[in-house]
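[1] coordinates for the following, if possible.
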Amino acid sequence: QVQLVESGGGLVQAGGSLRLSCVASGRTFNGYGMAWFRQAPGKEREFVVVISWSGTSTTYADSLKGRFTISRDNAKNTVYLQMNNLKPEDTAVYYCAAAPGYPTNREAINYWGKGTLVTVSS
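    Take a look at the predicted model:
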């Protein structure tokens, strides 16, 4: 059974940082892109960032460039999201996601984690 398990969410003040982790298990993820999406209260789930299997390609949502950094360790089947200079509008449930290739939208995703809540106070 495929599982994506996120961790690292929590409450942080504006301007602070958090590092999310996502551990994948249950199958071989060779060739899979790993992504992060987020869903704020009352809003649709939106794309945050994707990283290729090799880790050499990344694409960020335009509004997040420069503050968020994605990375992955294939030996550990783990993807990370470093979030700096957090703002109240970053408050959301953050979901780890996986799909073959380079997924940049919800429809392309094969596997989802259950999410981790990030709350940024002003």
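[2] pretty sure Gly115 contacts Tyr94?
    Yes: judged on C-beta atoms under 8 Å, Gly115 makes contact with Tyr94 at a distance of 6.3 Å. Any C-beta I mention is one placed from the backbone N, CA and C, and that applies to glycine too.
[3] between those two, which contacts overlap?
    By C-beta atoms under 8 Å, 6 or more residues apart in numbering, Gly115 and Tyr94 have these common neighbours: Glu6.
[4] quick one: which of those two has more around it?
    Neighbours were counted for Gly115 and for Tyr94 using other C-beta atoms under 10 Å; Tyr94 has more, 23 against 18.
[5] which one is that one nearest to, not counting chain neighbours?
    Distances taken as C-beta to C-beta, 6 or more residues apart in numbering place Arg38 nearest to Tyr94, at 4.8 Å, with adjacent residues excluded.
[6] so that neighbour touches Val48, yeah?
    Yes: with contact defined as C-beta under 8 Å, Arg38 counts as touching Val48 (5.4 Å).
[7] residues that sit against both of those two, list them.
    Listed contacts common to Arg38 and Val48 are Tyr94; contacts here mean C-beta under 8 Å, 6+ apart.
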